[in-house]
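K.L.:
Got a predicted structure here, sequence first:
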Amino acid sequence: MAENLLIAPSAGKAERYEVLLPQIESLITGEKEPIANLANVAAALRQTFNFFWVGFYLVKEDELVLGPFQGPIACTRIQWGKGVCGTAWKEARTIIVPDVEKFPGHIACSSDSKSEIVVPVFSSGVVSFVLDADSDKVNDFDDTDAHYLNQLARILERFF
Ligand code: SME
């Protein structure tokens with residue numbers, strides 16, 4: 001198992017994702033415990049992009065429950081269709097929120113969070129958990145994040 005991530009400090013966003021995703025795949029290959037793998041994925045994303053908050057909400061019956069994450073403490077449970085995470089779950093699609101104050105129903109776990117991206121991860125065609133990343137800057141997520149975080153979601157789907 002890799003002990004250090006190898007990411008060039010000068011690399012741009014796309015290059016960071018390109019270099020990171022194979023390292024994440026290698027990191028979680030051979031480990032069957034999902035919580036351990038999600039914990040390392042959250043840490044790898046935080047370490048690479050210095051996200052304000054990054055982690056997972058897991059579908060448990062009729063709500064999302066907080067899973068492994070990196071960052072400040074967060075809301076524990078989110079209802080289907082509520083907030084950005086619950087909406088991404090309900091609509092089974094990636095949502096980029098450039099300014100959280102303009103997203104109706106946004107759930108503010110921290111007032112320091114300004115923009116957000118949520119990517120659903122599927123199991124047998126239904127959402128089984130979501131990846132949520134928050135930034136303390138407005139408009140910090142774009143199609144590059146959506147593209148690569150969806151690639152990451154496809155990798156994770158092979159392990160869960
Ligand atoms: N803002 C999210 C809640 C989770 S926190 O950002 C960690 C939402 O509206 O679903």
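P.N.:
Nice, I can see it.

K.L.:
Give the full set of residues in contact with the residue most central in space within the chain.
P.N.:
Among the residues of the chain, the one closest to the centroid is Leu131, at 2.7 Å (CA atoms, centre = their mean). Listed by CB atoms under 8 Å, 6 or more residues apart in numbering, the contact set of Leu131 reads Val54, Gly55, Phe56, Val118, Val119, Val121, Leu149, Leu152, Ala153, Leu156. Heads up, the C-betas are built off the backbone N, CA and C, glycines and all.

K.L.:
For it, what are phi and psi?
P.N.:
phi -100, psi 130 (degrees, to the nearest 10).

K.L.:
what does Ala133 give?
P.N.:
phi -120, psi 140.

K.L.:
related to what we said a few turns ago, which of the contacts of Leu131 has the most neighbours?
P.N.:
Val54 (26 neighbours; other CB atoms under 10 Å).

K.L.:
picking that back up, so how far is Asn4 from the residue nearest to the centre of the chain?
P.N.:
23 Å (CB to CB, to the nearest Å).

K.L.:
likewise Ser123?
P.N.:
31 Å.

K.L.:
which of those two has more neighbours?
P.N.:
More neighbours surround Ser123 than the other of Ser123 and Asn4, with 12 against 7 (other CB under 10 Å).
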